[in-house]
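Asks: just need the structure, nothing else, for what follows:
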Amino acid sequence: MMFIISMIVVGLIAGAIARLLVPGKDPMSIWMTVLLGIAGSFLGGLIGSLIWHPQNGNYLHPAGIVLSVVGAILLLLLWRTVRPRPV
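Replies: All right, here's what the predicted structure looks like:
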């Protein structure tokens, strides 16, 4: 249960920081911000495992808040390029 709560808190923090650092308006709810941060954390973990090779076969490791924010920024920029624009 604590793992789920910590994922939500880290996701909210990483998603909110990413939305603050990337200029522009993104109409997202707080739950979409949490999902952005959680997905950014997974992407940041993947980037971290590509840069720093995992030891002892442990591929699942916490990316840390910095790589979580980097991953969330990349996903936010991808979201902006893919979503349909209002006319």
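Asks: use CA for all of it now, contacts and neighbours both
Replies: Will do.
Asks: list the buried residues in the longest helix seen in the chain.
Replies: Ranked by residue count and defined by DSSP state H, the top helix of the chain is helix 30-51. The neighbour-count check on helix 30-51 (16 or more other C-alpha atoms under 10 Å) flags 33-49 as buried.
Asks: which residues sit against that helix?
Replies: 7-16, 18, 59-65, 67-76 (C-alpha atoms under 8 Å, 6 or more residues apart in numbering).
Asks: give me the buried subset of those residues.
Replies: 7-8, 10-16, 18, 63, 65, 67-76.
Asks: tell me the angle the helix or strand harbouring Ile5 makes with helix 30-51.
Replies: Take DSSP states H and E as the rule and Ile5 turns out to sit in helix 2-21. Helix 2-21 and helix 30-51 meet at an angle of 90 degrees, taking axes from the mean of the first three to the mean of the last three C-alpha atoms, to 10 degrees as the criterion.
Asks: please name every helix or strand in contact with helix 2-21.
Replies: helix 30-51, helix 64-82 (3 or more C-alpha pairs under 8 Å, 6 or more residues apart in numbering; DSSP states H and E).
Asks: tell me the centre residue of this structure?
Replies: Note on the chain: the residue nearest the mean C-alpha position is Gly40, at 1.8 Å, using C-alpha atoms, centre = their mean.
Asks: so where is this structure shaky, pLDDT-wise?
Replies: By pLDDT under 70, the low-scoring segments of the chain are 53-63, 86-87.
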